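*Asks:* Provide a 3D model corresponding to the input given below.
(2 chains)
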Amino acid sequence: MEFKTIVFYVLGLVMVFAALRVITARNPVQAALFLVLTFFNAGGIWLLLQAEFLAITLVMVYVGAVMVLFLFVVMMLDINVDRLREGFWSYLPVGAVVGVVMLAEMALVVSGPYFGLDAMPEPPAAQAGYSNTQALGRVLYTEYVYPFELASLVLLVAMVAAVALTLRKRKGTKYVHPSQQIAVKRADRVELLTMPAEKE
Amino acid sequence: MESILEPIASLFGPVWPLVWTLAKIVAIIAPLMICVAYLTLAERKVIGYMQVRIGPNRVGPLGLLQPIADGVKLLLKEILVPSATNKGLFILGPILAIAPSLAAWAVVPFWDGGVLADVDAGLLFLLAITSLEVYGVIIAGWASNSKYPFLGSLRAAAQMVSYEVSMGFALVCVLMVSASLNLSEIVRVQGTGQFADMGLGFLSWNWIPLFPMFVVYIISGIAETGRAPFDVIEGESEIVAGHMVEYSGMTFALFFLAEYANMWLVAILTAILFMGGWLSPVAFLPDGFHWLFIKCSAIVFIFLWARATFPRFRYDHIMRLGWKVFIPVTLVWVLVVAVWIMSPLSIWN
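*Replies:* Residues are numbered from 1 along each chain as shown, chains lettered A, B, ... in the order given. Below is the predicted model:
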(Lines give C-alpha, C1' and ligand atoms only; values in the text may rest on other atoms or scores of the structure.)
Protein backbone atom coordinates (compact mmCIF):
# COMPACT_ATOMS: atom_id res chain seq x y z
CA MET A 1 0.00 0.00 0.00
CA GLU A 2 1.23 3.44 -0.87
CA PHE A 3 2.06 5.79 1.99
CA LYS A 4 -0.44 8.32 0.68
CA THR A 5 -3.23 5.76 0.97
CA ILE A 6 -2.42 5.15 4.62
CA VAL A 7 -2.47 8.90 5.27
CA PHE A 8 -5.81 9.18 3.49
CA TYR A 9 -7.40 6.43 5.56
CA VAL A 10 -6.07 7.85 8.82
CA LEU A 11 -7.37 11.32 7.99
CA GLY A 12 -10.66 9.92 6.74
CA LEU A 13 -11.25 7.73 9.80
CA VAL A 14 -10.46 10.52 12.24
CA MET A 15 -12.69 12.85 10.25
CA VAL A 16 -15.67 10.50 10.21
CA PHE A 17 -15.25 9.80 13.92
CA ALA A 18 -14.98 13.51 14.74
CA ALA A 19 -18.00 14.31 12.57
CA LEU A 20 -20.02 11.66 14.41
CA ARG A 21 -18.95 13.09 17.75
CA VAL A 22 -20.08 16.57 16.63
CA ILE A 23 -23.67 15.35 16.63
CA THR A 24 -23.41 12.87 19.51
CA ALA A 25 -21.33 14.83 22.04
CA ARG A 26 -23.50 16.00 24.92
CA ASN A 27 -21.48 19.08 25.68
CA PRO A 28 -21.74 21.77 22.97
CA VAL A 29 -18.16 22.96 23.63
CA GLN A 30 -16.87 19.46 22.95
CA ALA A 31 -19.07 19.24 19.86
CA ALA A 32 -17.58 22.51 18.58
CA LEU A 33 -14.06 21.24 19.23
CA PHE A 34 -14.81 18.04 17.33
CA LEU A 35 -16.05 20.20 14.47
CA VAL A 36 -12.65 21.89 14.53
CA LEU A 37 -11.01 18.48 14.29
CA THR A 38 -13.28 17.59 11.37
CA PHE A 39 -12.30 20.75 9.47
CA PHE A 40 -8.66 20.10 10.18
CA ASN A 41 -8.82 16.58 8.76
CA ALA A 42 -10.81 17.77 5.76
CA GLY A 43 -7.98 20.24 5.15
CA GLY A 44 -5.52 17.36 5.29
CA ILE A 45 -7.49 15.38 2.71
CA TRP A 46 -7.63 18.38 0.40
CA LEU A 47 -3.86 18.69 0.75
CA LEU A 48 -3.59 15.08 -0.44
CA LEU A 49 -5.65 16.09 -3.49
CA GLN A 50 -3.02 18.80 -4.20
CA ALA A 51 -5.49 21.59 -3.49
CA GLU A 52 -3.18 23.32 -1.04
CA PHE A 53 -4.82 26.73 -1.34
CA LEU A 54 -8.27 25.40 -0.45
CA ALA A 55 -6.88 23.28 2.37
CA ILE A 56 -4.96 26.13 3.99
CA THR A 57 -7.85 28.55 3.51
CA LEU A 58 -10.21 26.07 5.14
CA VAL A 59 -7.97 25.90 8.20
CA MET A 60 -7.40 29.64 8.24
CA VAL A 61 -11.00 30.75 7.80
CA TYR A 62 -13.05 28.03 9.45
CA VAL A 63 -10.69 26.78 12.13
CA GLY A 64 -8.82 30.01 12.78
CA ALA A 65 -11.66 32.49 12.71
CA VAL A 66 -15.20 31.10 12.41
CA MET A 67 -14.85 28.36 15.00
CA VAL A 68 -13.06 30.65 17.45
CA LEU A 69 -16.05 32.98 17.47
CA PHE A 70 -18.36 29.96 17.58
CA LEU A 71 -16.58 28.61 20.66
CA PHE A 72 -16.64 32.09 22.13
CA VAL A 73 -20.45 32.05 22.03
CA VAL A 74 -20.94 28.39 22.96
CA MET A 75 -18.65 28.69 25.98
CA MET A 76 -20.78 31.46 27.45
CA LEU A 77 -24.05 29.56 27.17
CA ASP A 78 -25.58 28.15 30.29
CA ILE A 79 -26.34 24.70 28.96
CA ASN A 80 -29.01 22.38 30.20
CA VAL A 81 -28.56 19.08 28.36
CA ASP A 82 -32.06 17.78 29.22
CA ARG A 83 -33.77 20.78 27.69
CA LEU A 84 -31.64 20.43 24.58
CA ARG A 85 -32.94 16.89 24.10
CA GLU A 86 -36.60 17.87 24.54
CA GLY A 87 -37.31 18.68 20.90
CA PHE A 88 -35.66 15.53 19.58
CA TRP A 89 -38.80 13.82 18.23
CA SER A 90 -40.30 16.89 16.63
CA TYR A 91 -37.06 17.63 14.78
CA LEU A 92 -36.51 14.03 13.73
CA PRO A 93 -38.53 14.02 10.44
CA VAL A 94 -36.75 17.12 9.06
CA GLY A 95 -33.39 15.75 10.12
CA ALA A 96 -34.17 12.37 8.58
CA VAL A 97 -35.07 13.95 5.21
CA VAL A 98 -31.81 15.95 5.13
CA GLY A 99 -29.87 12.86 6.14
CA VAL A 100 -31.44 10.71 3.41
CA VAL A 101 -30.75 13.34 0.72
CA MET A 102 -27.11 13.59 1.81
CA LEU A 103 -26.78 9.81 1.87
CA ALA A 104 -28.23 9.55 -1.65
CA GLU A 105 -25.79 12.17 -2.94
CA MET A 106 -22.88 10.38 -1.33
CA ALA A 107 -24.03 7.11 -2.89
CA LEU A 108 -24.05 8.81 -6.31
CA VAL A 109 -20.47 10.00 -5.87
CA VAL A 110 -19.16 6.73 -4.48
CA SER A 111 -20.87 4.62 -7.13
CA GLY A 112 -19.40 6.74 -9.91
CA PRO A 113 -18.10 3.76 -11.97
CA TYR A 114 -21.68 2.40 -12.37
CA PHE A 115 -22.77 5.65 -14.01
CA GLY A 116 -19.78 5.81 -16.32
CA LEU A 117 -18.00 8.62 -14.46
CA ASP A 118 -14.71 6.78 -14.87
CA ALA A 119 -14.92 7.59 -18.57
CA MET A 120 -13.93 11.15 -17.60
CA PRO A 121 -10.27 11.74 -18.42
CA GLU A 122 -7.88 11.96 -15.48
CA PRO A 123 -6.69 15.49 -14.80
CA PRO A 124 -3.30 16.08 -16.40
CA ALA A 125 -0.35 15.84 -14.03
CA ALA A 126 0.92 19.22 -12.85
CA GLN A 127 4.10 20.38 -14.51
CA ALA A 128 7.10 21.53 -12.47
CA GLY A 129 6.72 25.02 -11.03
CA TYR A 130 2.94 24.81 -11.02
CA SER A 131 1.43 26.58 -8.08
CA ASN A 132 -2.16 25.85 -7.18
CA THR A 133 -2.45 29.16 -5.31
CA GLN A 134 -1.14 31.20 -8.23
CA ALA A 135 -3.35 29.42 -10.77
CA LEU A 136 -6.45 29.93 -8.64
CA GLY A 137 -5.63 33.58 -8.10
CA ARG A 138 -5.14 34.15 -11.81
CA VAL A 139 -8.49 32.55 -12.69
CA LEU A 140 -10.34 34.38 -9.90
CA TYR A 141 -9.10 37.80 -10.94
CA THR A 142 -9.40 37.40 -14.71
CA GLU A 143 -12.07 34.99 -15.87
CA TYR A 144 -14.31 35.14 -12.81
CA VAL A 145 -13.62 38.67 -11.67
CA TYR A 146 -17.27 39.84 -11.80
CA PRO A 147 -18.77 36.90 -9.86
CA PHE A 148 -15.89 37.24 -7.41
CA GLU A 149 -16.43 40.95 -6.86
CA LEU A 150 -20.18 40.38 -6.61
CA ALA A 151 -19.67 37.75 -3.92
CA SER A 152 -17.39 40.06 -1.96
CA LEU A 153 -19.96 42.84 -2.25
CA VAL A 154 -22.68 40.55 -0.87
CA LEU A 155 -20.39 39.66 2.03
CA LEU A 156 -19.68 43.32 2.66
CA VAL A 157 -23.39 44.12 2.78
CA ALA A 158 -23.92 41.22 5.18
CA MET A 159 -21.13 42.53 7.38
CA VAL A 160 -22.54 46.07 7.45
CA ALA A 161 -26.00 44.66 8.16
CA ALA A 162 -24.72 42.56 11.05
CA VAL A 163 -23.04 45.58 12.59
CA ALA A 164 -26.08 47.79 12.00
CA LEU A 165 -28.43 45.24 13.57
CA THR A 166 -26.46 44.89 16.78
CA LEU A 167 -25.22 48.44 17.17
CA ARG A 168 -26.67 50.14 20.20
CA LYS A 169 -25.53 53.46 21.54
CA ARG A 170 -25.18 53.13 25.27
CA LYS A 171 -26.19 56.19 27.22
CA GLY A 172 -24.18 57.57 30.06
CA THR A 173 -20.78 56.05 29.29
CA LYS A 174 -17.79 57.91 30.60
CA TYR A 175 -15.75 57.22 27.48
CA VAL A 176 -13.07 59.80 26.80
CA HIS A 177 -11.54 59.99 23.36
CA PRO A 178 -7.86 59.00 23.45
CA SER A 179 -6.79 62.18 21.66
CA GLN A 180 -8.35 64.23 24.47
CA GLN A 181 -6.62 62.08 27.03
CA ILE A 182 -3.26 62.55 25.37
CA ALA A 183 -3.79 66.30 25.08
CA VAL A 184 -4.12 66.67 28.84
CA LYS A 185 -1.45 68.87 30.38
CA ARG A 186 -0.25 68.68 33.91
CA ALA A 187 -1.83 72.05 34.65
CA ASP A 188 -5.30 70.62 33.85
CA ARG A 189 -5.10 68.07 36.61
CA VAL A 190 -2.64 69.19 39.26
CA GLU A 191 -2.18 72.54 40.88
CA LEU A 192 0.91 73.28 42.87
CA LEU A 193 0.29 75.55 45.81
CA THR A 194 2.79 77.32 47.92
CA MET A 195 1.76 77.80 51.47
CA PRO A 196 3.70 78.78 54.51
CA ALA A 197 4.63 76.08 56.95
CA GLU A 198 2.21 75.85 59.82
CA LYS A 199 3.47 76.03 63.33
CA GLU A 200 1.88 74.09 66.12
CA MET B 1 27.02 15.40 2.59
CA GLU B 2 24.99 13.01 0.43
CA SER B 3 27.82 10.47 0.26
CA ILE B 4 28.32 10.51 4.03
CA LEU B 5 24.64 9.91 4.63
CA GLU B 6 24.23 7.13 2.09
CA PRO B 7 25.30 4.19 4.33
CA ILE B 8 23.00 5.43 7.08
CA ALA B 9 20.16 5.84 4.58
CA SER B 10 20.54 2.28 3.34
CA LEU B 11 20.51 1.08 6.95
CA PHE B 12 17.02 2.52 7.48
CA GLY B 13 15.70 1.52 4.07
CA PRO B 14 12.23 2.80 3.19
CA VAL B 15 11.70 4.67 6.45
CA TRP B 16 14.79 6.82 5.82
CA PRO B 17 12.85 9.93 4.64
CA LEU B 18 10.87 9.82 7.89
CA VAL B 19 14.01 9.43 10.01
CA TRP B 20 15.82 12.17 8.12
CA THR B 21 12.88 14.59 8.48
CA LEU B 22 12.63 13.81 12.19
CA ALA B 23 16.34 14.52 12.56
CA LYS B 24 15.84 17.85 10.82
CA ILE B 25 12.89 18.68 13.09
CA VAL B 26 15.02 17.96 16.15
CA ALA B 27 17.79 20.11 14.67
CA ILE B 28 15.33 23.02 14.51
CA ILE B 29 13.42 22.49 17.77
CA ALA B 30 16.40 21.81 20.06
CA PRO B 31 18.24 25.11 19.35
CA LEU B 32 14.88 26.88 19.45
CA MET B 33 14.21 25.57 22.94
CA ILE B 34 17.67 26.72 24.07
CA CYS B 35 16.94 30.14 22.57
CA VAL B 36 13.60 30.18 24.39
CA ALA B 37 15.22 29.25 27.69
CA TYR B 38 17.89 31.90 27.38
CA LEU B 39 15.37 34.49 26.22
CA THR B 40 13.79 34.26 29.67
CA LEU B 41 17.18 35.01 31.21
CA ALA B 42 17.87 37.77 28.69
CA GLU B 43 14.50 39.31 29.45
CA ARG B 44 15.15 39.42 33.17
CA LYS B 45 18.66 40.77 32.64
CA VAL B 46 17.63 43.43 30.11
CA ILE B 47 14.69 44.62 32.16
CA GLY B 48 16.90 44.50 35.23
CA TYR B 49 19.50 46.80 33.70
CA MET B 50 16.79 49.12 32.38
CA GLN B 51 15.50 49.43 35.93
CA VAL B 52 19.01 49.86 37.38
CA ARG B 53 19.07 46.39 38.90
CA ILE B 54 21.40 43.49 38.18
CA GLY B 55 18.86 40.80 37.48
CA PRO B 56 19.44 37.10 38.19
CA ASN B 57 23.09 36.50 39.10
CA ARG B 58 23.12 33.66 41.63
CA VAL B 59 22.82 30.41 39.68
CA GLY B 60 26.07 29.79 37.83
CA PRO B 61 28.44 32.47 36.51
CA LEU B 62 26.49 35.68 35.71
CA GLY B 63 23.30 33.74 36.39
CA LEU B 64 23.79 31.76 33.17
CA LEU B 65 22.40 28.53 34.64
CA GLN B 66 19.20 30.23 35.80
CA PRO B 67 17.04 28.96 32.87
CA ILE B 68 18.24 25.40 33.50
CA ALA B 69 17.35 25.69 37.18
CA ASP B 70 13.94 27.11 36.28
CA GLY B 71 13.35 24.29 33.81
CA VAL B 72 14.24 21.61 36.35
CA LYS B 73 12.04 23.26 38.94
CA LEU B 74 9.05 23.29 36.59
CA LEU B 75 9.65 19.69 35.54
CA LEU B 76 9.73 18.44 39.11
CA LYS B 77 6.65 20.32 40.29
CA GLU B 78 3.41 18.48 40.69
CA ILE B 79 0.80 18.98 37.98
CA LEU B 80 -2.34 19.93 39.80
CA VAL B 81 -5.66 19.22 38.12
CA PRO B 82 -8.47 20.97 40.01
CA SER B 83 -11.40 18.64 40.67
CA ALA B 84 -14.13 20.62 38.88
CA THR B 85 -12.22 20.88 35.60
CA ASN B 86 -12.83 19.07 32.37
CA LYS B 87 -9.72 16.88 32.63
CA GLY B 88 -9.13 15.95 29.01
CA LEU B 89 -9.46 19.50 27.78
CA PHE B 90 -7.51 20.84 30.75
CA ILE B 91 -4.47 18.86 29.61
CA LEU B 92 -5.17 19.50 25.92
CA GLY B 93 -5.04 23.29 26.43
CA PRO B 94 -1.30 23.73 26.97
CA ILE B 95 -0.52 21.13 24.31
CA LEU B 96 -2.58 23.04 21.75
CA ALA B 97 -0.87 26.23 22.85
CA ILE B 98 2.63 25.03 22.05
CA ALA B 99 1.97 22.78 19.04
CA PRO B 100 1.19 25.54 16.49
CA SER B 101 4.05 27.73 17.68
CA LEU B 102 6.44 24.86 16.91
CA ALA B 103 4.69 23.68 13.72
CA ALA B 104 5.06 27.13 12.18
CA TRP B 105 8.86 26.72 12.08
CA ALA B 106 8.51 24.12 9.31
CA VAL B 107 8.43 26.77 6.58
CA VAL B 108 10.94 29.23 8.05
CA PRO B 109 14.06 29.48 5.84
CA PHE B 110 17.25 29.87 7.89
CA TRP B 111 19.61 30.31 4.96
CA ASP B 112 19.35 29.92 1.20
CA GLY B 113 17.82 26.45 0.88
CA GLY B 114 17.98 25.82 4.62
CA VAL B 115 14.30 25.13 5.22
CA LEU B 116 12.44 22.05 6.42
CA ALA B 117 9.50 22.31 4.01
CA ASP B 118 10.03 24.57 1.01
CA VAL B 119 6.32 24.94 0.22
CA ASP B 120 4.96 27.41 -2.30
CA ALA B 121 2.16 28.61 -0.07
CA GLY B 122 4.46 29.13 2.94
CA LEU B 123 3.02 32.47 3.96
CA LEU B 124 -0.53 31.09 3.84
CA PHE B 125 0.57 28.09 5.89
CA LEU B 126 2.00 30.46 8.49
CA LEU B 127 -1.22 32.48 8.64
CA ALA B 128 -3.25 29.30 9.06
CA ILE B 129 -1.02 27.80 11.73
CA THR B 130 -0.65 30.98 13.76
CA SER B 131 -4.42 31.42 13.71
CA LEU B 132 -4.66 28.11 15.61
CA GLU B 133 -2.63 29.45 18.52
CA VAL B 134 -5.67 30.95 20.18
CA TYR B 135 -7.26 27.52 20.76
CA GLY B 136 -4.86 26.56 23.52
CA VAL B 137 -5.75 29.67 25.47
CA ILE B 138 -9.50 29.37 24.89
CA ILE B 139 -9.64 25.69 25.80
CA ALA B 140 -7.49 26.21 28.87
CA GLY B 141 -9.69 29.06 30.00
CA TRP B 142 -12.90 27.15 29.57
CA ALA B 143 -11.69 23.80 30.91
CA SER B 144 -10.37 25.42 34.11
CA ASN B 145 -13.99 26.06 35.11
CA SER B 146 -13.10 29.19 37.01
CA LYS B 147 -13.81 32.89 36.51
CA TYR B 148 -10.42 34.49 35.95
CA PRO B 149 -9.16 31.95 33.42
CA PHE B 150 -12.42 32.31 31.53
CA LEU B 151 -12.18 36.10 31.44
CA GLY B 152 -8.56 35.77 30.34
CA SER B 153 -9.45 33.41 27.52
CA LEU B 154 -12.25 35.68 26.29
CA ARG B 155 -9.84 38.58 26.19
CA ALA B 156 -7.29 36.42 24.39
CA ALA B 157 -9.76 35.28 21.75
CA ALA B 158 -10.92 38.81 20.99
CA GLN B 159 -7.42 40.26 20.96
CA MET B 160 -5.80 37.60 18.80
CA VAL B 161 -8.61 37.57 16.23
CA SER B 162 -8.48 41.38 16.00
CA TYR B 163 -4.75 41.69 15.46
CA GLU B 164 -4.61 38.79 13.03
CA VAL B 165 -6.52 40.95 10.55
CA SER B 166 -3.99 43.76 10.47
CA MET B 167 -1.12 41.28 10.46
CA GLY B 168 -2.75 39.56 7.49
CA PHE B 169 -2.98 42.82 5.56
CA ALA B 170 0.67 43.61 6.31
CA LEU B 171 1.55 40.20 4.86
CA VAL B 172 -0.62 40.90 1.79
CA CYS B 173 1.57 43.94 1.05
CA VAL B 174 4.70 41.81 1.34
CA LEU B 175 3.38 39.14 -0.98
CA MET B 176 2.25 41.76 -3.51
CA VAL B 177 5.74 43.23 -3.82
CA SER B 178 7.39 39.79 -3.83
CA ALA B 179 4.85 38.16 -6.17
CA SER B 180 5.34 34.95 -4.19
CA LEU B 181 4.07 33.19 -1.08
CA ASN B 182 7.28 31.23 -0.67
CA LEU B 183 9.33 32.65 2.21
CA SER B 184 12.68 31.84 0.58
CA GLU B 185 11.54 33.58 -2.59
CA ILE B 186 10.44 36.62 -0.56
CA VAL B 187 13.96 36.91 0.85
CA ARG B 188 15.56 36.45 -2.58
CA VAL B 189 13.41 39.19 -4.07
CA GLN B 190 14.65 41.55 -1.36
CA GLY B 191 18.21 40.86 -2.53
CA THR B 192 17.51 42.51 -5.89
CA GLY B 193 16.99 46.15 -6.71
CA GLN B 194 18.80 49.37 -7.41
CA PHE B 195 20.50 49.66 -4.04
CA ALA B 196 21.37 45.98 -3.90
CA ASP B 197 23.25 46.41 -7.19
CA MET B 198 25.19 49.28 -5.61
CA GLY B 199 26.22 46.96 -2.78
CA LEU B 200 23.91 48.53 -0.19
CA GLY B 201 21.49 45.64 0.20
CA PHE B 202 19.79 46.91 3.35
CA LEU B 203 18.23 49.78 1.40
CA SER B 204 16.56 47.29 -0.93
CA TRP B 205 14.81 45.35 1.82
CA ASN B 206 11.07 45.63 2.28
CA TRP B 207 11.28 47.71 5.44
CA ILE B 208 11.78 50.98 3.54
CA PRO B 209 9.01 50.86 0.91
CA LEU B 210 6.67 49.08 3.34
CA PHE B 211 7.68 51.01 6.45
CA PRO B 212 4.13 51.50 7.83
CA MET B 213 3.51 47.76 7.41
CA PHE B 214 6.79 47.01 9.17
CA VAL B 215 5.71 49.03 12.19
CA VAL B 216 2.18 47.60 12.14
CA TYR B 217 3.57 44.07 11.90
CA ILE B 218 5.89 44.46 14.89
CA ILE B 219 3.21 46.05 17.08
CA SER B 220 0.59 43.50 16.00
CA GLY B 221 3.17 40.80 16.70
CA ILE B 222 3.55 42.05 20.26
CA ALA B 223 -0.24 42.10 20.63
CA GLU B 224 -0.60 38.68 19.04
CA THR B 225 1.89 37.08 21.42
CA GLY B 226 0.16 38.78 24.34
CA ARG B 227 3.31 40.54 25.52
CA ALA B 228 3.45 43.79 27.45
CA PRO B 229 2.05 46.40 26.88
CA PHE B 230 -0.75 44.25 25.44
CA ASP B 231 -0.67 41.58 28.14
CA VAL B 232 -4.21 42.06 29.43
CA ILE B 233 -4.75 38.37 28.66
CA GLU B 234 -2.86 37.53 31.82
CA GLY B 235 -3.08 40.99 33.41
CA GLU B 236 -2.01 40.11 36.92
CA SER B 237 -3.49 43.26 38.45
CA GLU B 238 -7.05 42.38 37.35
CA ILE B 239 -7.37 38.69 36.57
CA VAL B 240 -4.30 37.26 38.36
CA ALA B 241 -2.79 35.30 35.45
CA GLY B 242 -5.66 34.81 33.06
CA HIS B 243 -5.89 31.39 31.47
CA MET B 244 -2.86 30.14 33.43
CA VAL B 245 -4.28 30.59 36.93
CA GLU B 246 -5.11 26.93 37.51
CA TYR B 247 -2.00 25.51 35.87
CA SER B 248 1.14 24.36 37.63
CA GLY B 249 4.39 22.61 36.84
CA MET B 250 4.95 21.48 33.28
CA THR B 251 1.45 22.40 32.08
CA PHE B 252 2.18 26.00 33.04
CA ALA B 253 5.64 25.73 31.51
CA LEU B 254 4.13 24.76 28.16
CA PHE B 255 2.19 28.05 28.02
CA PHE B 256 5.35 29.85 28.97
CA LEU B 257 7.44 28.09 26.32
CA ALA B 258 4.75 28.77 23.72
CA GLU B 259 4.78 32.48 24.51
CA TYR B 260 8.55 32.77 24.13
CA ALA B 261 8.65 30.51 21.06
CA ASN B 262 6.03 32.82 19.55
CA MET B 263 8.22 35.82 20.29
CA TRP B 264 11.07 34.22 18.37
CA LEU B 265 8.68 33.29 15.58
CA VAL B 266 7.34 36.82 15.16
CA ALA B 267 10.90 38.16 15.31
CA ILE B 268 12.24 35.76 12.70
CA LEU B 269 9.25 36.42 10.44
CA THR B 270 9.77 40.16 10.71
CA ALA B 271 13.42 39.60 9.82
CA ILE B 272 12.50 37.41 6.84
CA LEU B 273 9.61 39.48 5.48
CA PHE B 274 10.91 42.99 6.04
CA MET B 275 14.63 42.86 6.80
CA GLY B 276 16.03 40.57 4.16
CA GLY B 277 16.29 37.31 6.14
CA TRP B 278 19.71 35.75 5.73
CA LEU B 279 20.95 38.49 3.36
CA SER B 280 23.91 40.58 4.36
CA PRO B 281 23.23 44.34 4.64
CA VAL B 282 26.29 45.22 2.54
CA ALA B 283 27.72 43.39 -0.43
CA PHE B 284 31.28 42.86 0.90
CA LEU B 285 30.14 40.69 3.82
CA PRO B 286 28.94 37.13 3.18
CA ASP B 287 25.25 36.20 3.52
CA GLY B 288 24.29 33.55 6.03
CA PHE B 289 22.35 32.41 9.04
CA HIS B 290 24.30 34.73 11.39
CA TRP B 291 22.61 37.77 9.80
CA LEU B 292 19.18 36.28 10.39
CA PHE B 293 20.09 35.60 14.01
CA ILE B 294 21.38 39.14 14.54
CA LYS B 295 18.24 40.71 13.03
CA CYS B 296 16.04 38.34 14.96
CA SER B 297 17.74 39.14 18.26
CA ALA B 298 17.43 42.87 17.59
CA ILE B 299 13.68 42.51 17.15
CA VAL B 300 13.34 40.34 20.25
CA PHE B 301 15.22 43.08 22.09
CA ILE B 302 12.51 45.53 20.95
CA PHE B 303 9.94 43.22 22.57
CA LEU B 304 11.80 43.35 25.88
CA TRP B 305 12.44 47.07 25.57
CA ALA B 306 8.73 47.71 24.99
CA ARG B 307 7.89 45.66 28.06
CA ALA B 308 10.25 47.67 30.24
CA THR B 309 9.05 50.99 28.81
CA PHE B 310 5.27 51.09 28.38
CA PRO B 311 2.50 50.70 30.94
CA ARG B 312 -0.25 48.23 30.10
CA PHE B 313 -2.94 49.35 27.65
CA ARG B 314 -6.51 49.52 28.77
CA TYR B 315 -8.56 46.81 27.06
CA ASP B 316 -10.83 49.12 25.03
CA HIS B 317 -7.74 50.98 23.83
CA ILE B 318 -6.23 47.74 22.58
CA MET B 319 -9.36 47.04 20.58
CA ARG B 320 -9.43 50.62 19.28
CA LEU B 321 -5.81 50.42 18.14
CA GLY B 322 -6.44 47.15 16.33
CA TRP B 323 -9.70 47.96 14.61
CA LYS B 324 -9.77 51.72 14.21
CA VAL B 325 -6.11 52.51 13.61
CA PHE B 326 -4.23 49.52 12.21
CA ILE B 327 -6.88 48.11 9.89
CA PRO B 328 -7.58 51.43 8.10
CA VAL B 329 -3.83 52.13 7.86
CA THR B 330 -3.09 48.70 6.40
CA LEU B 331 -6.06 48.85 4.01
CA VAL B 332 -4.89 52.19 2.64
CA TRP B 333 -1.33 50.97 2.32
CA VAL B 334 -2.45 47.87 0.43
CA LEU B 335 -4.07 50.23 -2.09
CA VAL B 336 -1.03 52.50 -2.22
CA VAL B 337 1.29 49.56 -2.86
CA ALA B 338 -1.05 48.14 -5.51
CA VAL B 339 -1.11 51.47 -7.38
CA TRP B 340 2.64 51.86 -6.90
CA ILE B 341 3.36 48.46 -8.43
CA MET B 342 1.24 49.17 -11.50
CA SER B 343 2.57 52.71 -11.99
CA PRO B 344 5.75 53.52 -13.98
CA LEU B 345 7.45 54.44 -10.66
CA SER B 346 7.40 50.80 -9.56
CA ILE B 347 10.68 49.62 -8.03
CA TRP B 348 9.79 45.92 -8.12
CA ASN B 349 10.30 44.99 -11.74
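
*Asks:* neighbours of the residue in chain B that chain A sits nearest to, just the number please.
*Replies:* Closest residue of chain B to chain A, CB to the nearest CB: B:Ser131 (2.7 Å). For the C-beta atoms, the positions are set from N, CA and C on the backbone; glycine is no exception. Neighbourhood size, B:Ser131 [other CB atoms under 10 Å in any protein chain shown]: 23.

*Asks:* Let me see the confidence value for it.
*Replies:* Predicted confidence (pLDDT) for B:Ser131: 84.

*Asks:* Tell me how far the closest residue in space to it that isn't next to it in sequence lies from A:Glu52.
*Replies:* Ranked by CB to CB, 6 or more residues apart in numbering or on different chains and with sequence neighbours excluded, the top spatial neighbour of B:Ser131 is A:Gly64, at 2.7 Å. For A:Gly64, the distance to A:Glu52 equals 16 Å [CB to CB, to the nearest Å].

*Asks:* which one of these two has more residues nearby?
*Replies:* More crowded of A:Gly64 and A:Glu52, by other CB under 10 Å: A:Gly64, with 26 against 21.

*Asks:* Now do the same contact list for that one.
*Replies:* By CB atoms under 8 Å, 6 or more residues apart in numbering or on different chains, A:Gly64 lies in contact with B:Leu127, B:Ala128, B:Ser131, B:Leu132, B:Val134, B:Glu164.

*Asks:* ok, the residue nearest to B:Leu265 when sequence neighbours are not counted - how many residues close by?
*Replies:* Nearest residue to B:Leu265, sequence neighbours excluded (CB to CB, 6+ apart): B:Ala104, at 5.6 Å. Applying other CB under 10 Å, we find 23 residues neighbouring B:Ala104.

*Asks:* show me what contacts B:Ala104?
*Replies:* B:Ala104 touches B:Phe125, B:Leu126, B:Ile129, B:Thr130, B:Leu265, counting by CB under 8 Å, 6+ apart.

*Asks:* if you set the cut-off to 7 Å instead, what comes out?
*Replies:* B:Leu126, B:Ile129, B:Thr130, B:Leu265 (CB atoms under 7 Å, 6 or more residues apart in numbering or on different chains).

*Asks:* Which of those lies at the shortest distance from A:Gln30?
*Replies:* For the contacts of B:Ala104, the minimum distance to A:Gln30 (CB to CB) is 23.2 Å, reached by B:Ile129.

*Asks:* need the contact list for the residue of chain B closest to chain A.
*Replies:* Counting by CB under 7 Å, 6+ apart, B:Ser131 makes contact with A:Met60, A:Gly64, A:Ala65, B:Glu164.

*Asks:* per-residue pLDDT, the closest residue to B:Leu124 other than its chain neighbours?
*Replies:* With sequence-adjacent residues excluded and distances taken as CB to CB, 6+ apart, B:Leu124 is closest to A:Ile56, at 4.5 Å. What the model reports as pLDDT for A:Ile56 is 87.

*Asks:* Look up how far B:Ser131 lies from A:Ile56.
*Replies:* From A:Ile56 to B:Ser131 the distance is 10 Å (CB to CB).

*Asks:* can you check A:Ala65 too?
*Replies:* Plainly put, A:Ala65 is 7 Å away from B:Ser131 if you go by CB to CB.

*Asks:* again, but for A:Thr142
*Replies:* From A:Thr142 to B:Ser131 the distance is 29 Å (CB to CB).

*Asks:* Could you do A:Met159 as well?
*Replies:* Distance from A:Met159 to B:Ser131, by CB to CB: 19 Å.

*Asks:* Check B:Leu285 too.
*Replies:* Computed as CB to CB, the B:Leu285 to B:Ser131 distance reads 37 Å.

*Asks:* so where's chain B shaky on pLDDT?
*Replies:* Scanning chain B for pLDDT under 70 picks out the ranges B:1-3, B:349.

*Asks:* Ok, chain A next?
*Replies:* A:1, A:78-85, A:112-113, A:115-123, A:126, A:128-129.

*Asks:* what does it have sitting close to chain B?
*Replies:* A:29, A:52-53, A:56, A:59-60, A:63-65, A:68, A:71-72, A:75, A:131, A:133, A:178 (CB under 7 Å from any CB of the partner chain).
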